[in-house]
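Engineer: sequence first, then the predicted structure:
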Amino acid sequence: MGIWILNAAVLNGGNELAAKHVLVEGNQIERIIEAGTAPDTSGHTVIDAQGKFLAPGLIDMHVHLREPGFEYKETIATGTRSAARGGFTTIACMPNTRPVTDTVETLKYVLNKAETEGVVRVLPYACITKNELGRELTDFEALKAAGAIGFTDDGVGVQSAQMMKDAMAKAASIGMPIIAHCEDNTLVEGAAVSEGAFARKHGLKGIPNESEAIHVGRDILLAEATGVHYHVCHVSTEQSVRLIRQAKQIGIKVTAEVCPHHLLLSDEDIPDSMDANWKMNPPLRTPRDVRACIEGLVDGTIDIVVTDHAPHSEEEKARGLQLAPFGIVGFETAFPLLYTKFVATGEWTLQFLVDKMTRLPAEVFGLPWGILEAGRTADLTLIDLETEKEVNPAEFESKGRNTPFTGWKLKGWPAMTMVEGKVVWSE
Ligand SMILES: NC(=O)N[C@@H](CC(=O)O)C(=O)O
Ligand SMILES: [Zn+2]
Ligand SMILES: [Zn+2]
């Protein structure tokens, strides 16, 4: 007794779609056949996928689920439901919870919650330093053994070069990646938006591009010295893209990610109302940086797309641009945004976008998911590429409603999400 997904449009490279029937048995893709042949569906569940696009389940390697400690912002239950609604089947959660994930105990708590209450696969990161304070390394071996997939102090940059070098050497010695939030605090000092037109117009202090790029440059040198796999979080500046491109050219083991908002919005789009739903870290940069990030993604300098889903409460985001916390939600708009603005416009192929959100994140982190073929785990996402709908935060499964994309008219909405052969969300 399995599930037949009938007449799904499956990618054949580029923008070419072919109609296929897909049989899922247990947690696996059992068979994929040409839609011309009628399968015997007796005794099986049937899902009619006519007119919809079937993709490998989306993978998001940078998300905040907020549990433990900030359950008023999000929980593993609501965060994974939000991921499922966005078409994601595997997500990697950041350790800046309360307590932070710097011990085996907290890591096990997250894994256990994900197992009992999560609807998609959750892979946890652990902290580089205790309490993310940048002073003392966590127990990398023990955290790896307990299930951490990499080390990061996301939310803050590791300020000391020596500490980062020690972390990289240790991570390299046990074959684990360092995932870096790149930010030099001495160059930020309380600013809420990027240096640029918006800051100038409103007389605000700005966050300069170098606050990110200085860490990227420093860490590339340290990665070269230690041989670690170094992964750069949420790239947002032209300078970071340039440094990563050069590092890749000389064979340094560096990979990078970018978020939809840094590909679609610049500081010039921030409304004069100073709505804090436009505040995130790194901040929206100049149009020139946006172009550089797009070019970097297209030429492979930036490997993958992540959401950096960062829910906050309405009360927190109502404190105004200067006082509100950094971060926006991302799961439930990521694919429709990029599909509508880059694929439907003809700039990218559908295959390119899907690869950046499935096969490539799996490849970068050595994961077995992200590919749609017989014998693979049945992590699948069915997507409606035709129906246009407005972004409406009231419909979000996430507790977070903090998005700058409210009202955007988009296509490419996920219609059904399956994890290990089980439908975990459907329209
Ligand atoms: N991106 C954000 O603006 N915020 C993240 C932290 C982070 O990703 O650095 C958060 O935890 O809220
Ligand atoms: Zn970060
Ligand atoms: Zn983050």
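Structural biologist: That came through fine. For clarity, every value in this text was computed on a predicted model and none was experimentally measured. Ligands and ions are numbered 1, 2, ... in the order given.
Engineer: which elements pack onto the helix or strand encompassing residue 381?
Structural biologist: Per DSSP states H and E: residue 381 is located in strand 380-384. Packing partners of strand 380-384 (3 or more Cβ pairs under 8 Å, 6 or more residues apart in numbering; DSSP states H and E): strand 3-11, strand 53-56, strand 88-93, strand 413-419. Glycine gets a C-beta too; all of them are placed from N, C-alpha and C.
Engineer: of the ones you listed, which stretch is the most buried?
Structural biologist: For the helices and strands packed on strand 380-384, ranked by mean neighbour count under the definition mean count of other Cβ atoms under 10 Å, the leader is strand 88-93 at a mean of 28.
Engineer: give me the angle between the helix or strand following that one and strand 88-93.
Structural biologist: Reading on from strand 88-93 to the C-terminus, the next helix or strand found by DSSP H and E is helix 104-117. Between the direction of helix 104-117 and that of strand 88-93, the angle (axes from the mean of the first three to the mean of the last three Cα atoms, to 10 degrees) works out to 160 degrees.
Engineer: next structured bit after helix 104-117?
Structural biologist: On the C-terminal side of helix 104-117, the closest following helix or strand by DSSP H and E is strand 121-124.
Engineer: what comes up buried for the helix or strand encompassing residue 423?
Structural biologist: Secondary-structure element containing residue 423, defined by DSSP H and E: strand 422-426. Along strand 422-426, these residues count as buried under the neighbour rule (16 or more other Cβ atoms under 10 Å): 423, 424, 425.
Engineer: next: stretch 250-268.
Structural biologist: Residues 252-267 are the ones in stretch 250-268 that count as buried (16+ other Cβ under 10 Å).
Engineer: with stretch 344-357 instead?
Structural biologist: Buried-residue list, stretch 344-357, by 16+ other Cβ under 10 Å: 344, 348, 349, 350, 351, 352, 353, 354, 355, 356, 357.
Engineer: tell me the phi and psi of the third one?
Structural biologist: When you say that, I think you mean residue 349. Summarising the backbone geometry of residue 349 under the convention degrees, to the nearest 10, its torsions are phi -80, psi 160.
Engineer: which residue packs closest to the residue nearest in space to the middle of the chain, ignoring adjacent ones?
Structural biologist: With the centre of the chain defined as its mean C-alpha position, the nearest residue by Cα atoms, centre = their mean is residue 306, 2.3 Å away. In space, residue 306 comes closest to residue 62 once its chain neighbours are excluded; the distance is 3.7 Å by Cβ to Cβ, 6 or more residues apart in numbering.
Engineer: looks to me like residue 331 is in a helix.
Structural biologist: No: if the criterion is DSSP: H, G, I helix; E, B strand; the rest coil, then residue 331 is coil and not within a helix.
Engineer: now do the contacts for the closest residue to it other than its chain neighbours.
Structural biologist: For residue 331, the nearest residue in space outside its immediate sequence neighbours is residue 86; the separation is 3.7 Å by Cβ to Cβ, 6+ apart. Applying Cβ atoms under 8 Å, 6 or more residues apart in numbering, one finds that residue 86 lies in contact with 58, 307, 330, 331, 332, 333, 334, 335, 414.
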